Each structure stands twice: as C-alpha cells, then as structure tokens.
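Chemist: Here is the input, now give the coordinates:
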Amino acid sequence: MFDLLKKTMLTGIGIASMTKDKIEELGKKISEESKLTAEEGKRMINDLLKQSEKAREDLENQVQKLVKKTLEKLDIPTREDFNRLEKRIIKLEKLRAETGKE
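Modeler: Prediction:
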C-alpha cells in the first residue's frame, strides 16, 4: 500500500513539474506512436495539461498543509497571531493616549 501511494505521489510530482512545452511534446510523441487522429491528439494533450495543473495545485495544497501542521507542532506564532497582537497594541496605545497616562 505504501509503495502504491509513493508511486502515485511521485507520478503526481512528475506531472506537476512538467512544463507546458514538455507536456505538449510528450502528447505529440504518444499520439504519433499510437496513431491517434489530430483531434484525439489535441484532446489528449489538453487532458495532460489539465492533469498537470491539477497535480501542481494538489501538490501545492499538500505542501501548505504540511508546513502549517509543522508550524503548529513547533508552536510558532502565525501571521494571524501577529496581526491580532498588533491590533491589541494599537487599541491599548489609543486607550493610554485618551486617559493621558504614560
């Protein structure tokens, strides 16, 4: 099971890292070798491009989730934490200025 998951992930990474030109080149080569019609070849290339984009997005989402999970485990403050603290500081500074206390 782990090997299948690993192979699937590596395939996804491979597809995600391919450029549009490389995908089109691969699609043309496959369509020529399998004797597809021009229309079938174009459709296959478009499908490969869509799969590549989806794989790229999926990989990006997985990396973002992994980074977020790792940061949570390390207990590192997030941008939201800093923004929340900044708002509190601004609020307290205004309150201090209104009351005239230093």
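Chemist: and the lengthiest helix in the chain, what's its mean pLDDT?
Modeler: The helix that spans the most residues within the chain, counting by DSSP state H, is helix 38-74. In this model, helix 38-74 has a mean pLDDT of 81.
Chemist: Please identify the buried residues of whichever helix or strand comes after it?
Modeler: Using DSSP states H and E, the next helix or strand after helix 38-74 towards the C-terminus is helix 79-99. For helix 79-99, burial by neighbour count (16 or more other C-beta atoms under 10 Å) applies to no residue. C-beta coordinates here come from the backbone N, C-alpha and C atoms, glycine included.
Chemist: Quick check, central residue of the chain?
Modeler: Centroid-nearest residue in the chain, with C-alpha atoms, centre = their mean: Glu60, separated by 1.6 Å.
Chemist: Tell me the spacing between that one and Ala38.
Modeler: 33 Å (C-beta to C-beta, to the nearest Å).
Chemist: hmm, back to that, now the longest helix of the chain: buried residues?
Modeler: So, applying 16+ other C-beta under 10 Å, buried residues of helix 38-74: Gly41, Met44, Ile45, Leu48, Leu49, Ser52, Ala55, Arg56, Leu59.
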